[in-house]
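Asker: coordinates only, no sequence provided:
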Ligand SMILES: Cc1cc2nc3c(=O)[nH]c(=O)nc-3n(C[C@H](O)[C@H](O)[C@H](O)COP(=O)(O)O)c2cc1C
């Protein structure tokens with residue numbers, strides 16, 4: 001059954017035995033981060049944490065509890081999306097995309113509902129007062145200091161909202177975007193919006209700024225977990241994340257009109273912060289921020305959001321995450337994206353059998369790809385195709401191996417790739433956009449990329465020597481040793 005709210009999600013996590021409620025007083029300034037970091041670094045991602053007694057600056061107790069690391073395990077990510085394993089969603093999408101026209105009229109008719117599945121659960125607007133507007137503050141009543149935004153690392157420029165859904169509209173097309181972008185709290189009613197230049201929210205803002213129009217923005221915190229996840233998913237700009245969340249949940253996301261703009265906000269959110277960006281205003285300094293690279297992102301200039309209203313549930317829970325040296329909670333959000341998007345990647349690059357972005361590569365630094373190689377040079381074709389796809393274009397290092405390599409196991413992928421390369425022959429460099437967070441590139445968001453062809457080399461590729469087989473014991477010997485194993489007296493861990 002679909003989970004409709006953050007509270008439902010935390011209850012489900014609790015039933016699965018993966019929630020720890022903390023009653024001890026802890027500060028939103030660094031202490032929650034240090035505790036969460038220890039949980040996230042423990043095997044399997046550690047438990048989700050719900051802090052009941054949160055102390056704000058000045059010693060005040062927060063009126064709201066703080067939940068962190070809710071998405072931070074394979075199990076909890078699956079609970080969030082209502083499946084046993086997130087791969088099931090990839091399978092569901094692969095089935096939808098299997099467009100081979102079946103025999104006979106009945107078969108053809110049966111295809112239609114499958115095609116319509118993505119749009120079967122569009123978001124719908126609810127009448128009456130939505131839960132997210134049970135309590136409303138406008139204008140001078142607004143004080144973001146009441147929200148337990150976390151200071152996450154010692155050199156951070158200030159407290160941050162770390163798990164938001166940022167809702168904007170494309171002024172030309174009218175399409176909605178929901179993006180997860182960190183937001184710095186600058187004061188009672190001001191925020192700095194860290195949408196990076198390659199992201200859809202930033203594109204909407206550039207368009208609004210070119211028109212010289214004020215840009216309405218809504219920031220939802222909490223609500224149903226599929227919507228929260230969808231904000232982090234790299235969907236094409238024209239696909240509404242709330243439609244995608246409805247598809248994932250198999251149930252529409254309920255929306256409500258915002259109070260101070262034409263935007264719509266998730267009715268079940270715990271908090272909604274409404275505001276606008278004025279393109280006539282100068283950008284503000286955002287950061288530094290201890291980032292998911294494991295290094296600080298330097299301070300830079302981003303748009304300022306003026307807050308016009310804050311609404312909330314009567315009993316909201318404030319959702320947060322912590323990023324830093326991997327592995328962290330965001331690895332599990334990204335892993336869900338990796339699994340869900342595999343069939344979509346295969347639509348345009350069908351030879352991709354599997355791919356994996358290991359935690360230490362923080363998504364954009366390292367992508368392993370296993371391909372079904374059918375012709376010479378195909379590894380380069382795949383790299384170039386990946387560098388031409390959405391946010392995959394930011395990948396710094398792509399390592400391509402043959403389909404018999406388990407790329408989910410980074411040790412195996414490196415073992416095979418490093419054995420298979422003659423570096424001068426098999427490594428290529430190219431240029432392109434790089435992630436805004438890359439601190440090593442020669443220019444901000446622009447730099448080089450490396451492709452490693454770790455596939456077996458063919459004669460057609462100019463390789464004339466014999467290629468060796470992988471070492472494996474023969475089946476007869478294995479069976480004989482299996483049969484005698486218990487009598488050998490060898491205990492292996
Ligand atoms: C915890 C977390 C924090 C993130 N912070 C940012 C951020 O501050 N700025 C940004 O541009 N992307 C950030 N991202 C990545 C975006 O959410 C992701 O690229 C998403 O696809 C953006 O949505 P869009 O494609 O609609 O722009 C973050 C992702 C996660 C999981």
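Answerer: Received, thanks. Model, not experiment: these values are computed from the prediction. Numbering: from 1, shown residues only.

Asker: name the helix or strand for the nearest residue to residue 357 once chain neighbours are set aside, please.
Answerer: Here the nearest residue to residue 357 in space, its sequence neighbours aside, is residue 363; by C-beta to C-beta, 6 or more residues apart in numbering that works out to 4.9 Å. The C-beta positions use only the backbone N, C-alpha and C, and glycine is treated the same way. Assigned by DSSP states H and E, residue 363 belongs to no helix or strand.

Asker: list the contacts of the closest residue to residue 328 other than its chain neighbours.
Answerer: Leaving out its chain neighbours, the residue that sits closest to residue 328 by C-beta to C-beta, 6+ apart is residue 40, at 5.0 Å. When contacts are counted by C-beta atoms under 8 Å, 6 or more residues apart in numbering, residue 40 touches 46, 69, 72, 322, 327-329.

Asker: against the ligand, how distant is residue 40?
Answerer: 12 Å (C-beta to the nearest ligand atom, to the nearest Å).

Asker: ok, the residue lying closest to residue 143 once chain neighbours are set aside - contacts?
Answerer: Leaving aside its sequence neighbours, residue 143 sits nearest to residue 188 (C-beta to C-beta, 6+ apart; 5.0 Å). If a contact means C-beta under 8 Å, 6+ apart, then residue 188 has 142-145 as its contacts.

Asker: quick one: residue 188 and residue 307, what's the gap?
Answerer: 8 Å (C-beta to C-beta, to the nearest Å).

Asker: mind listing the shared neighbours of these two?
Answerer: Common neighbours of residue 188 and residue 307 (C-beta under 8 Å, 6+ apart) are 142, 144.

Asker: pLDDT wise, what is residue 106 at?
Answerer: Listed pLDDT for residue 106 reads 68.

Asker: whoops, I mixed them up, residue 333
Answerer: 98.

Asker: run a quick neighbour tally on it.
Answerer: Here the number of neighbours of residue 333 (other C-beta atoms under 10 Å) works out to 22.

Asker: tell me how far the closest residue to residue 420 other than its chain neighbours lies from residue 49.
Answerer: With sequence-adjacent residues excluded and distances taken as C-beta to C-beta, 6+ apart, residue 420 is closest to residue 454, at 4.8 Å. The gap separating residue 454 from residue 49 is 40 Å, by C-beta to C-beta.

Asker: residue contacts, the nearest residue to residue 154 once chain neighbours are set aside?
Answerer: Sequence neighbours aside, residue 30 is the residue nearest to residue 154 in space, at 6.8 Å (criterion: C-beta to C-beta, 6+ apart). For residue 30, the contact set (C-beta under 8 Å, 6+ apart) comprises 151-154.

Asker: in PyMOL, how would I select just the buried ones from these?
Answerer: Entered in PyMOL, the line below selects the buried ones among the contacts of residue 30, by 16 or more other C-beta atoms under 10 Å:
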select buried, resi 151+152+153
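
Asker: return the member of the contacts of residue 30 nearest to the ligand.
Answerer: Of all those, residue 152 has the smallest distance to the ligand: 11.0 Å, by C-beta to the nearest ligand atom.

Asker: and the nearest residue to the closest one once chain neighbours are set aside, which of the three is it?
Answerer: Counting by C-beta to C-beta, 6+ apart, residue 152 lies nearest to residue 33, which is 4.4 Å off, once chain neighbours are set aside. Under DSSP: H, G, I helix; E, B strand; the rest coil, residue 33 falls in the helix class.

Asker: correct me if wrong: residue 33 contacts residue 154.
Answerer: No - here residue 33 does not reach residue 154: they are 9.6 Å apart, not a contact under C-beta atoms under 8 Å.

Asker: thinking again about what came up before, give the ChimeraX command for selecting the buried subset of the contacts of residue 188.
Answerer: A single ChimeraX command selects the buried members of the contacts of residue 188 (16+ other C-beta under 10 Å):
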select :142,144,145
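
Asker: so which residues of the stretch 51-200 of the chain form strands?
Answerer: Using DSSP state E, counting those that start in this stretch, the strands of the stretch 51-200 of the chain run over 54-55, 66-68, 124-125, 135-138, 160-161, 164-169, 176-179, 183-187, 190-193.
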